[in-house]
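1. Starting from these lines, generate the structure:
(chains A, B, C and D)
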Protein chains: 4
Amino acid sequence: MINFRNDYSDIAHPAILEKLMTLKDEKNIGYGLDQHVIKAKSLIQNHFSSEVDVHLMGGGTITNKTVISHLLRPYEAIISADTGHIFVHETGAIEQTGHKIIAVKTESGKLTPALIDQVIKGHTDEHMVKPKMVYISNSTETGFIYSKTELMQLYKYTQANHLYLFVDGARLGVALTSKDNDLTLDFIRECSDCFYIGGTKNGALLGEALIIKDKTLSENFRYSVKQNGGLLAKGFLVGIQLECLFTDNLFFDIGYQANHASNLLKEKLVNAGIDFTPTPTNQQFIKLDNRVVDLLSQSYLFEIWTDYGDTKMIRLVTTYQTTEAEINQFISDLTNAI
Amino acid sequence: MINFRNDYSDIAHPAILEKLMTLKDEKNIGYGLDQHVIKAKSLIQNHFSSEVDVHLMGGGTITNKTVISHLLRPYEAIISADTGHIFVHETGAIEQTGHKIIAVKTESGKLTPALIDQVIKGHTDEHMVKPKMVYISNSTETGFIYSKTELMQLYKYTQANHLYLFVDGARLGVALTSKDNDLTLDFIRECSDCFYIGGTKNGALLGEALIIKDKTLSENFRYSVKQNGGLLAKGFLVGIQLECLFTDNLFFDIGYQANHASNLLKEKLVNAGIDFTPTPTNQQFIKLDNRVVDLLSQSYLFEIWTDYGDTKMIRLVTTYQTTEAEINQFISDLTNAI
Amino acid sequence: MINFRNDYSDIAHPAILEKLMTLKDEKNIGYGLDQHVIKAKSLIQNHFSSEVDVHLMGGGTITNKTVISHLLRPYEAIISADTGHIFVHETGAIEQTGHKIIAVKTESGKLTPALIDQVIKGHTDEHMVKPKMVYISNSTETGFIYSKTELMQLYKYTQANHLYLFVDGARLGVALTSKDNDLTLDFIRECSDCFYIGGTKNGALLGEALIIKDKTLSENFRYSVKQNGGLLAKGFLVGIQLECLFTDNLFFDIGYQANHASNLLKEKLVNAGIDFTPTPTNQQFIKLDNRVVDLLSQSYLFEIWTDYGDTKMIRLVTTYQTTEAEINQFISDLTNAI
Amino acid sequence: MINFRNDYSDIAHPAILEKLMTLKDEKNIGYGLDQHVIKAKSLIQNHFSSEVDVHLMGGGTITNKTVISHLLRPYEAIISADTGHIFVHETGAIEQTGHKIIAVKTESGKLTPALIDQVIKGHTDEHMVKPKMVYISNSTETGFIYSKTELMQLYKYTQANHLYLFVDGARLGVALTSKDNDLTLDFIRECSDCFYIGGTKNGALLGEALIIKDKTLSENFRYSVKQNGGLLAKGFLVGIQLECLFTDNLFFDIGYQANHASNLLKEKLVNAGIDFTPTPTNQQFIKLDNRVVDLLSQSYLFEIWTDYGDTKMIRLVTTYQTTEAEINQFISDLTNAI
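-> Residues are numbered from 1 along each chain as shown, chains lettered A, B, ... in the order given. Below you'll find the predicted structure:
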């Protein structure tokens, strides 16, 4: 079976596994206070033109829960696209911390100042929650990315309206290495209040690096991490991995390779006459007859994104492990099936 | 520096790291539905005389939060020793889920039916929380263990009083391999409603196996795991480790070795004339003059447990990595210092 | 100023205030265990053909919080119209208890089995919340009511799908006394799991009577009431009022009078040539030019429901206190203004 | 039956009921924005030498929940006497908002800087909750009061340690009118961050006035009130009552009369040779043989405070309604019984 199912099917990038092996006799202090964590933070800090607060976290949902519950007062709410991961796919993890998510219909899963403004104008008094944070994902859950101009406009709007801007970067690796991308880590820092650099979907066993711009926001943040169950006893485990990912450009290489495979796939899908809306990152969505989907599913792993009855939208995810041969095989089988 | 600080300073047992390396080209389905998780559950199930529900979890605090919030109604409370990890050292993680912990003073961190009964008798109406769960740790936070008789009596009491009995097994490895132990995994299953087998402090990178006896209690449990941030994308990571720990008795060997080192340490401390209350597992607590503590802390890592002013109680933790040479060195330096 | 603002501007119906005065030397046991509460429950029970559990509550938001948090597991969610009071106007009170509200676009604020079914079909696994309760309001927030057939179909659907059906009856008084109504208290009991009879908007100082059909659902309910801050020390205060409202048909008379005034208002609005969608209860919504709204607001109290820029939708609420003279005056001023 | 059970057995002081009757034709705007609330706040403000923020609330538990959840970050905790109402008798209402209460053993239910300091010294890092608020009751749950010196010392300590000091004044009426009292409302304002003036146990139907000293603490407070279910639709109901209580000294008269009766009772208990620890307010606790308790309970209402087996501690509460004749009768029956 050839894998187009997702970007977290590998145990970890070989470089990470090898690094862990070389350190097998090491002993480190617990809870993220060790030298690897310090080194990883320093390597990440090097990407920024001013000092930030970096926290190494053990997973996306925990990171979202911790950031949101740490920053918001009980009656404050989050604005998210209605495709946002926190709104759809975290089993009410945010509501469990007491906060309402105000969902907004969007194109491509991307929020705009105009969309947010409608929410703000509709929340006027204490009988309604008080919107206080804007949550966006880059890349979005459907593979699209924000441009410099878009992010800057969002940040201007949130600043002017006393809102936090939080960027979920579970797939920031592919976003920043997309051909269409003009963002940098430093620009995201400048134009957001906090964001995270996702490791789990970009070669790590687990682990994400959360960046908080303003240290007044992160005061006592480790208390929140611990309360939310995110303070790993063996915090050095995340430290070692991020140290590895931010050495020799590995983090970006992994994203670049996933996008490179996706670009190949897109090109060949177009050549094969498939009508679809290509995305700039490692997820492509194509609509096929059920018969074709059934045939392909005998040799390929992928997710059914939407079921339309006679046809289905399927999702094809590429990773740093996807080979040109796998793509060629898929296109060939797809063409034959059609 | 020689490590007596804790039992989670190693990256992982070499067997686990090697196993990960051998699997580096494997791709697995996410969220704990993979073959490794299935295999690990089956290996664990082999220890039980009747079928249980096993959930592989990513950490102790998350496990405690998930179990407690899953089983209790909002107004129900947990009874714990006042030394219990959930009461002292989880930054209100349980209260964050809305539940009160009723703390009880104990000897050795161990609850008894008589102690619990006082709490039950004192909670009589709807103006007070309703105690519904008893939480115990084995080994306790201070190194002691429950016997068969003690556990059976606790379970009889909780059954008779419609309480759940939940055993935190973060250090179950050393508990079950202590010379004084007469419990088995199967006996704990029989005499509790749920318990977990801790991996993090027994050689794993991270990961614990939660055992729920009655499947009606674990209905929809994966929803609770996800909501609490405990559903790892790469769930196979915990699966592989527990598969490894429950192959060739590794889990028990690791605990046995830690206890063996501790037994050596105890014997030599006694011979050295140190007056202390030995524990049956891998944590020993000795009281020393500040001057001695300061001297030792130049060559040894350990935690200050209690500060009495002129003297301090220090904690010495042994692990599967502790060598006889390290212990001899410590005893020698301690004797010289005194 | 003539009041069309809302139905909770009066202190209380005179019969209630007089009743309180006559009891001024009485002493009662606290927390709702007194004779008045018992009597009120018995008077309410008389409306039902089988035994129910009645709880007297001190307000709508508290009632909603208590019912929802009592019945649902942490990962379970509520389905509501996107105009539902709990979704829009309770400042995240439900989310504060940890539960997500899944909002659905509707006609007239009314849910249907088809609308609910779309939600159920879209929530399929543990990565999403589990819908477990359907929340409807009768009358709805915009004045419409459910028929016997509609309620029965909803209940059949919820029963078949293991969902609770909860009816917010903050304005049940006007719903049940509408000319278009064919429901009875007993039919609502039969076709729902719980509902409440609103006192605050129907002549009481404060107070609602919650009806829970199945006693297994209300086990330990008073614990939840207390935890949510809803157990009034002077519970007899609500008892006395509901005793009063359910004596000599007062509860229904108050609703009837409010509707009667609304019917008059509707008729005269139609005669005056106003184009609007009449509702069957005590709230009417009409769209007027800003100039007319400004003029009317000098002599009448009402709420701006929606601001369309040049025009505004205003809400006109009638109560048992509204007189025909007030309506005539309003129609006259409205006609002149136009 | 003669009532010594509690101070919330009356419907309300006659002056309040009469006031409500005189206003029966009035219509007021909802949610506490009416003229009565404004007037009540102004009357209360007159007691203070600098401007405060006053919020009229509908009950003690709701007030405690709202204040605590509004002021604290998720990981912050409250220090309370282990007899504190929030710790014992609110069914986990505070924990429901996510916060741990750290309980301290005390004399007379009163906290001291030394007792608090032990807690602060024991909470040193992010593995434990962060104490942030000190909660005291005046009078305490067992009838004792704080002096100027004691309150000032507490406030100095909390200020120096960045803690909030919150005074639960459910029984502030009897505290401030005790013969032993030297506090004033203005002094409590000066030496606390917030406190409330309890109406429910001092003649009101329901209602308390919360005083927040620093307006930065009460920013968006009405959002928290609404979310916690404490924003009464008919907020004017509390407004009218507090207006009434703070006119012609009624609030203090009611407290004074309750204490006056208690003083009589104490004196006569002493004369009757009863050995007990008198309190300075309206609750007295005496220990009697079970036989005597049984006899008295045929003619008197009171609560069993503690059951010692052969003897019981009973609580005798006096109110503004208690008469000298009732006290004489009780003493006579008590003497005969013994």
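
2. what's A:Leu56 sitting at in phi/psi?
-> Dihedral pair for A:Leu56: phi -90, psi 130, per degrees, to the nearest 10.

3. Just list the residues touching it, thanks.
-> Residues near A:Leu56 by CB atoms under 8 Å, 6 or more residues apart in numbering or on different chains: A:Gly32, A:Val37, A:Ala40, A:Lys41, A:Gly207, A:Glu208, A:Ala209, A:Leu210, A:Gly235, A:Val238, A:Gly239, A:Leu242. Heads up, the C-betas are built off the backbone N, CA and C, glycines and all.

4. Whether stretch A:245-256 contacts chain B - can you check?
-> No. Using CB under 8 Å from any CB of the partner chain, stretch A:245-256 stays clear of chain B, coming no nearer than 14.5 Å.

5. Tell me how far that stretch lies from the chain's centre.
-> How far stretch A:245-256 lies from its chain's middle: 15 Å, per CA atoms, centre = their mean, to the nearest Å.

6. Quick check: buried residues in it?
-> By 16 or more other CB atoms under 10 Å in any protein chain shown, the buried positions in stretch A:245-256 come out as A:Leu245, A:Phe246, A:Leu250, A:Phe251, A:Phe252, A:Asp253, A:Ile254, A:Gly255, A:Tyr256.

7. Show the average pLDDT along the longest helix seen in chain A.
-> Counting residues, the longest helix in chain A under DSSP state H turns out to be helix A:250-271. The average of the pLDDT scores along helix A:250-271 is 98.

8. Beyond it, next helix or strand please.
-> strand A:283-289 (DSSP states H and E).

9. That following strand relative to helix A:250-271, how many degrees between them?
-> 30 degrees (axes from the mean of the first three to the mean of the last three CA atoms, to 10 degrees).

10. could you say what helices and strands the helix or strand just after strand A:283-289 packs with?
-> Downstream of strand A:283-289, the next assigned helix or strand under DSSP H and E is helix A:290-296. If contacts are counted by 3 or more CB pairs under 8 Å, 6 or more residues apart in numbering or on different chains; DSSP states H and E, helix A:290-296 sits against strand A:311-317, helix A:324-337.

11. These into CSV, with extra columns for mean pLDDT, distance to chain B and mean neighbour count?
-> Putting those into CSV (pLDDT from 0 to 100; distance: least, CB to the nearest CB, whole Å; neighbours: other CB atoms under 10 Å in any protein chain shown) gives the following:
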stretch, mean pLDDT, distance to chain B, mean neighbour count
strand A:311-317, 97, 11, 20
helix A:324-337, 97, 12, 15
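
12. Run through the residues of the stretch 151-300 of chain A sitting next to chain B.
-> Residues of the stretch 151-300 of chain A lying near chain B (CB under 8 Å from any CB): A:200-201, A:205-206, A:223, A:226-234, A:236-237, A:240.

13. go again using 6 Å as the cut-off
-> The stretch 151-300 of chain A comes close to chain B at residues A:Thr200, A:Leu205, A:Tyr223, A:Lys226, A:Gln227, A:Gly229, A:Ala233, A:Lys234, A:Leu237, as judged by CB under 6 Å from any CB of the partner chain.

14. what's downstream of the helix or strand where the fourth one lies, the next helix or strand?
-> Here A:Lys226, judged by DSSP H and E, is contained in helix A:221-227. Once helix A:221-227 ends, the next helix or strand along the chain (criterion: DSSP H and E) is helix A:236-245.

15. name the helices or strands packed onto that next one?
-> Helices and strands touching helix A:236-245, by 3 or more CB pairs under 6 Å, 6 or more residues apart in numbering or on different chains; DSSP states H and E, are helix A:14-22, helix A:35-45.

16. Packed most tightly, which of the ones you listed would that be?
-> Neighbour counts (mean count of other CB atoms under 10 Å in any protein chain shown) averaged over each of the helices and strands packed on helix A:236-245 peak at helix A:35-45, with a mean of 19.

17. okay, it in CSV with CA atoms only?
-> Listed in CSV are the C-alpha atoms of helix A:35-45, where the atom choice follows Å, rounded to 0.1, in the frame of the first residue of the first chain:
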residue,chain,number,x,y,z
GLN,A,35,20.6,21.5,27.9
HIS,A,36,18.8,20.1,24.7
VAL,A,37,15.8,22.3,25.3
ILE,A,38,18.0,25.3,25.9
LYS,A,39,19.9,24.6,22.7
ALA,A,40,16.8,24.0,20.7
LYS,A,41,15.3,27.3,22.0
SER,A,42,18.5,29.1,21.0
LEU,A,43,18.5,27.6,17.5
ILE,A,44,14.9,28.7,17.1
GLN,A,45,15.6,32.1,18.5
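
18. Can you check which of the helices and strands packed on helix A:236-245 gets nearest to chain C?
-> Smallest distance to chain C across these (CB to the nearest CB): 26.0 Å, for helix A:14-22.

19. which parts of the stretch 101-250 of chain A sit against chain C?
-> So the stretch 101-250 of chain A meets chain C at A:His127, A:Val129 (CB under 6 Å from any CB).

20. Contacts only, for the most centrally placed residue in chain A.
-> Nearest residue to the geometric centre of chain A (CA atoms, centre = their mean): A:Ala170, 1.9 Å. Applying CB atoms under 6 Å, 6 or more residues apart in numbering or on different chains to A:Ala170 gives the contacts A:Gly60, A:Gly198, A:Lys201.

21. Over to it. Which of the three states is it?
-> Secondary structure, DSSP: H, G, I helix; E, B strand; the rest coil: A:Ala170 is coil.

22. which non-adjacent residue is nearest it?
-> With sequence-adjacent residues excluded and distances taken as CB to CB, 6 or more residues apart in numbering or on different chains, A:Ala170 is closest to A:Gly198, at 4.0 Å.

23. Roughly how far does the closest residue to A:Val88 other than its chain neighbours sit from B:Gln227?
-> The shortest distance from A:Val88 to any non-neighbouring residue, by CB to CB, 6+ apart, is to C:Met128 (6.6 Å). Here the criterion is CB to CB, to the nearest Å. By it, C:Met128 lies 10 Å from B:Gln227.
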